[in-house]
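Let's see this in three dimensions:
(one chain, ligands or ions: 2)
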Amino acid sequence: MDTEKQIRAVCERFQIRGEYRSFNLLSNGHINTSYQVFFYRDGELKDYILQKVNTYVFHDPIAMMENISSVTEYVRAKIKQKQKTAKRNVLHYSKTADGKYYTIMEDGGFWRCCRYINDSVCFEYTNDLKVVENAGKAFGEFQVYLADYPVKDLHIVIPHFHNTVMRFDTLRQAIENDFAGRKDSVQEWIDGYMALEEIATRLYRMQKAGILQLRVTHNDTKPSNVLFDKNTLEHLSVIDLDTVMPGLVACDFGDAIRVIGSTGAEDEQDLSKVALDMDKYEAFTRGFVGALCSSMTPAEKETLALGAVAMTVECGIRFLTDYLDGDKYFRIHYPDQNLARAKAHLILSRDMVKRLDEMQKIVEKYCK
Ligand code: GN1
Ligand code: MG
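Ligands and ions are numbered 1, 2, ... in the order given. This next block holds a predicted model:
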């Protein structure tokens, strides 16, 4: 079936009213395939986001949708306690005729559909410090809304997702297997990451030792996962809730800094452009820590900057592992993109390690 036919068939399952008009393939995201779909109804165009879930990555997408629907309902109720409507501040998933938030098509494809939030934008990259700060607020507030959500009720969508110790073991396994025959060409980058293993796994080892508590975390806090009002640039809602699971506050903070705090792109090829941007780091910290400060334990506060190192190294070795495996996990748009991502992450990680004390002082400036 061609893509448009497939999309229209999926829309029918979600009972979208009105006249189908067109669709666009959205290019963001390394895992799922997303489309914006337009319908004409009541004299205007309405748009929806349809997503085909990557079941190579998400083995139990039904459990994932259970997490997403219960977390979005919970956040919606919280927001409604403080304002009239939560319409633009939390995602709204569509249901099928049999009341499910997903549909499985004849070819086994797993799809979901949510309403597009009117007049919203997201940014892959921004130099606007207000946007950066508001991204911090969005992820900080998300944790505040979910602070009393029963963490144990969440399904573990991807086991060991931020188990940095295991991520290093997986890298070692990929080096040994060398499926794509690329090991010898990347030895320098392997060595670079191995030298950071101790510092990058410190956070996970603290969790295992019971020093850090598990909360409901987002686990994919890149700035492009926040929607902003296109006129005011205030944050509206966090999106991409696939990996909402029990996790550490430092992982959410750190994963955001990995992307928003870099002076270069995630796969920056000019490595001289890659460093930690302290202005953006401070802006994000102000937003995130400002929203969360009073609900963090001392140990959580003390490990935020360390979380940035842990998440940058961890994501970097995941890219490197995938490169060694032959690019099976992350979508790539050119042949060596996973290697480019891994290189940029190593350079950024080293810069963070150098500035760790300075980074932590900025956390303390906004959260005494
Ligand atoms: C993946 O596809 P996307 O952009 O939502 C990945 C994240 C990584 C991110 C790196 C389920 O997220 O963990 O941090 O790429 N998601 C999964 O950009 O593995
Ligand atoms: Mg994601």
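
Asp252 in helix, strand or coil?
helix (DSSP: H, G, I helix; E, B strand; the rest coil).

What segments of the chain are helices?
Secondary structure of the chain, counting by DSSP state H: helices at 3-13, 61-82, 129-145, 164-177, 187-194, 197-208, 249-260, 278-292, 298-302, 304-325, 337-354, 356-366.

And the residue nearest the centre of the chain?
Asp220 (1.8 Å; C-alpha atoms, centre = their mean).

rewinding a little: ligand 1: which of the helices of the chain is closest?
Closest to ligand 1 of the helices of the chain, according to C-beta to the nearest ligand atom: helix 304-325, at 4.9 Å. (C-beta placed from N, C-alpha, C; glycine too.)

what mean pLDDT does the closest one have?
Averaged over helix 304-325, pLDDT sits at 98.

Begin at 40, not 1, for the rest of this chat.
Understood, numbering begins at 40; the last thing we discussed is helix 343-364.

interface residues of the stretch 190-339 of the chain facing ligand 1?
Counting by C-beta under 6 Å from any ligand atom, the stretch 190-339 of the chain comes close to ligand 1 at Asp259, Lys261, Asp279, Asp281, Thr282, Glu305.

still on that earlier bit, take the helices of the chain and lay them out in TSV including mean neighbour count.
Compiled in TSV, the helices of the chain are given as follows (neighbours: other C-beta atoms under 10 Å):
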stretch	mean neighbour count
helix 42-52	16
helix 100-121	17
helix 168-184	23
helix 203-216	16
helix 226-233	15
helix 236-247	18
helix 288-299	27
helix 317-331	22
helix 337-341	15
helix 343-364	26
helix 376-393	23
helix 395-405	16
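
Out of those, the one nearest Thr72 is which?
With C-beta to C-beta as the criterion, Thr72 lies closest to helix 42-52 of the helices of the chain, at 9.5 Å.

Show residues contacting the closest one.
If you take C-beta atoms under 8 Å, 6 or more residues apart in numbering as the criterion, helix 42-52 is touched by 40, 59, 62, 64, 74, 76, 78, 87, 89, 135-136, 142, 144, 148, 150, 152.

Not counting its neighbours along the chain, what's nearest the residue nearest to the centre of the chain?
Of all residues not flanking Asp259 in the chain, Thr282 sits nearest, at 4.9 Å (C-beta to C-beta, 6 or more residues apart in numbering).

Hmm, Leu359 and Ala219 touching each other?
No. Using C-beta atoms under 8 Å as the test, Ala219 is too far from Leu359 to be in contact (11.6 Å).

Can you check the pLDDT for Lys123?
For Lys123, pLDDT reads 76.
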